[in-house]
Every structure is written in C-alpha cells, then in structure tokens.
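**Q** My questions concern the predicted model and sequence given below.
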Amino acid sequence: MTEMPNRPAAAPPEARGPSDSSGMDDQARHRAEQARVIHTINEALSGPVLDVYRSVLPKLKPYSYQDVLASPDLVEGCMVFFEKQPDLFRHLLVDEAGHPVSDETQPLSCGRSIKDIRLLVIRTTAKKYFRTHGDKFGDVKEHSERDDSIVNAKMLDRLFDLVTRLWQGKPLKKPPQKKRKKQKSGADAFYETIAPFLRFRWQVKLIPYYATLPRSLVEELGEGLLRLRRPEDLESLLRIGREDFNEAQRMTGDLSREMLDTEPRAAKGVVHAGQHEYGRLLSSLHEHMGARFWKVFVETSRIDSLRSKNIADIVEMASHLDRMSPESVEGMVSHLERRQIAPFLRAAESVLDPKDFDAVFGIPGNPRLARIFMQKATMLKTDPNEPDDFENRLPVIFKAWRSSPEHFAKNL
C-alpha cells in the first residue's frame, strides 16, 4: 500500500471529450448521475435500512452509519443478517413503481439492484479501511486489544512480516501504467488497484488482511486474488516470496497469466518441481486438464510424489489429480493397474459427493480408507472380455461404504 503512482501529465482540453451547449460533457453528466444515485442509496442505508438493523441488533445502536461502513466486522455481520432475514427488509425492497423486488439483479427504486448496492458497500468499506490502516504496528495493536475483533492479530503480524522480508524486490513484468488526473495517496492508489477484484461478501472479512499486500502484487494477481478465500491462503502465497514468484513466471512464460488467474500459489510448486519436471508434466497433462493443471502445483508434496511416477499413470489420474493427496497418488499406482485408474476415479466421483471424495482422496484425506477402497476394487471378479465390466461393478464398493461406514472395512 505504500507504492505511489507517478503523477500523469494533464490532458489537453481537446482530449477531454466533446461538450454539449451547456458545457457539460458526457463524462460529467455520468459522474453527476452516479453521485445522485449514490446519495440516494446512502440516504436509504443510513436511514430506514439502519433503523431495521438497530431494531433487532442492539449492538449497532451506538454506531453511526459511517462507523458501520468503516468496520469490516460490522459490515460482514450486517450482510450475513440480511441474507438470513430478508423478510425484515421486504418493505424497502421495491422497484420504481412500488412493486416488491425479490431478484437480487432487478433494479430497486434507486435504479440499482441489491447486488449493485452490496458491491458498493463492500468497496466503500474497503476504501475506508485502507485509508486508516496498512501500518503493521498500528493494525496488529488495534486488533489484538479488541476483544470483539474477528481479525486474527497474529496472522496479521505474520503477513506484514512476510511482506517486509520476502517481497521487497520488483515484479518480473512491469504492470501497465494507467493515466491518472492527479496523484493519489498510497491508500487510494491501493484501493484503485484492488477495487475491480472486490466483488463478493466473503471478501469483507479479508479486507484487513488485504491491507498488508504490496500493490504491485495485487496488480500481478488480477483475477487470481479471488482464488485466495482465507487468510491462510494469503499467507501461503506470501511465503513464496518475490524471487520465486518471479522465477515461476519466467518458467511458465506465455502461460504465466493463466497460472496467476487460476491459482497463484502454484508458483511455489512450479519452482519446486524445477524446469525438467515442470516440462514433463506440462507436455503431458495440460492438454488433458486445461487450467486445472496449475492446481496440481499448490502442494509440493504432491509434486514430489509425481516425480517417480510413469507419465502414462499420471495421465490416467488427470481428471482428479488436482484434488488428490500424495498418498492417493501412491495408492493408485501401487494397487491398481494403469487401465483401472481412470474408471476407479470416475466411479468414486459418481457415488461419493464432492465433500466425501475430497475427505477420502484429497489433502489431508483418509489414506487408510482410500487404500481399502482400492484393495476391494482389485478383488472384484470381472469379465476380461468386457472392457467396461470393471467400471460397472465398482459403484457397489462405494455404495457399501456410504450405507454402512462402520462395517465397510470388515472381512477385508
């Protein structure tokens, strides 16, 4: 947040767009309309909407509208409450004609939808927070002294420390410089960079952690910022460090943008794999997995497991490899024939819901249960003249576990 943009040269009068007879150009009219709409929204939020909250949430009574907007904790709580109790606000959710609005994308009487207003609140809260925060000592002290803060002060301290120690170098690629009419403060420049990627309610609780990030990193991440949904994910990214982050982009070349947009933490695994292993996996897996390929590199232990595997075996796992633990990778190769790997994974996916599949075969997973599934699969008696017989018989194994987990492992 401390990186400042260069002050751009002022645009000449002829470059500022055509004006109408009243002297107001299209951009000025647009800004005026935007200001009017935002004023209308703020009037509603600070008046009747806040009144509803205060009537059912006594904790909010001492706070002004601006106080609430400045607190990610309070804004997050209000948004969750709105999602759980929308009927309390139903009389306010009407269109221009006074008809009830239930669709979040349908315009309200102010001309904007619920979705639009949520986005406005998220970004306003972020801007307010960035303008008053971004200092390691102040932020950590503030949140550690507040009993009601939902921010993990120790995590915040670690993030600031990682940025100080590991992210002082320059980005590999200089981001395009946008022309600005005037020089902005560090906080406002940081907000301007991150604002396009502040889109969802779940990001509100991350605002204090976002404030620790270098602006140059946010520019590099782009859409990849949305793949980091927890403070722990941000910490995992920051532990990579500028040197390795740049090296991963050099190694991936033209695919670096796809890597950053899909899973920026893959940079760690790419460097860990080394040029030869990365090239081996890229040439065989990317065509089968597409952008999911980068998720394979998030866990370096999975990369280590793949090093000793035949690439033909790895390709058979391509449909689920990004979700598999190193133990699952080892088990597939140890217990199943190559031709059985893909059918086994398809059958598991068809019977188990995604949460159960990940709990068994993912990280950390359940290696013992995964091994039992594989062992039972090898015991199936199949017709060698029917290529699909193995896959057709597999579902009964997973259904047996789902119906009676406690008895599944007996008699093996």
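**A** Structure received.
**Q** Where do the helices of the stretch 51-200 of the chain begin and end?
**A** All helices of the stretch 51-200 of the chain, identified by DSSP state H, counting those that start in this stretch, fall at 65-69, 72-84, 114-132, 136-145, 153-166, 186-194.
**Q** weakest of those by average pLDDT?
**A** The minimum mean pLDDT among these belongs to helix 136-145 (a mean of 91).
**Q** what residues are up against the closest residue to F245 other than its chain neighbours?
**A** Distances taken as Cβ to Cβ, 6 or more residues apart in numbering place A267 nearest to F245, at 5.1 Å, with adjacent residues excluded. Using the backbone N, CA and C atoms, a C-beta is placed for each residue, glycine as well. With contacts defined as Cβ atoms under 8 Å, 6 or more residues apart in numbering, the neighbours of A267 are 240, 244-245, 248-249, 259, 297.
**Q** What strand or helix carries A267?
**A** Here A267 sits within helix 266-289, counting by DSSP states H and E.
**Q** list the buried ones in that helix?
**A** Within helix 266-289, the residues scored as buried using 16 or more other Cβ atoms under 10 Å are 266-273, 277-278, 280-282, 285-286, 289.
**Q** What's the local residue count around L45?
**A** When neighbours are defined as other Cβ atoms under 10 Å, L45 has 20 of them.
**Q** out of everything not next to it in sequence, what's closest to it?
**A** Spatial nearest neighbour of L45, excluding adjacent residues (Cβ to Cβ, 6+ apart): Y65 at 6.6 Å.
**Q** do R227 as well
**A** Nearest in space to R227, with sequence neighbours left out and distances taken as Cβ to Cβ, 6+ apart, is E263 at 5.6 Å.
**Q** per-residue pLDDT, A32?
**A** 89.
**Q** what number of residues lie near R131?
**A** Neighbour count for R131, taken as other Cβ under 10 Å: 15.
**Q** now swap in K410 and tell me
**A** The number of residues packed near K410 is 7, by other Cβ under 10 Å.
**Q** where does it fall, helix, sheet strand or coil?
**A** Using DSSP: H, G, I helix; E, B strand; the rest coil, the structure places K410 in coil.
**Q** any idea how far D356 is from it?
**A** The gap separating K410 from D356 is 20 Å, by Cβ to Cβ, to the nearest Å.
**Q** cool, D261 as well?
**A** Counting by Cβ to Cβ, the gap from D261 to D356 is 29 Å.
**Q** now do E299
**A** Counting by Cβ to Cβ, the separation of E299 from D356 is 20 Å.
**Q** Distance from the chain centre to stretch 367-381, please.
**A** Relative to the chain's own centre, stretch 367-381 is displaced by 35 Å; criterion: Cα atoms, centre = their mean, to the nearest Å.
**Q** If you could redo that for stretch 328-335, that was the one I meant.
**A** Distance, centroid of stretch 328-335 to centroid of chain: 30 Å (Cα atoms, centre = their mean).
**Q** do the same with stretch 144-154
**A** How far stretch 144-154 lies from its chain's middle: 23 Å, per Cα atoms, centre = their mean.
**Q** And for it, what's in contact with it?
**A** With contact meaning Cβ under 8 Å, 6+ apart, stretch 144-154 is reached by 72-73, 76, 140, 142-143, 205, 208-209, 231.
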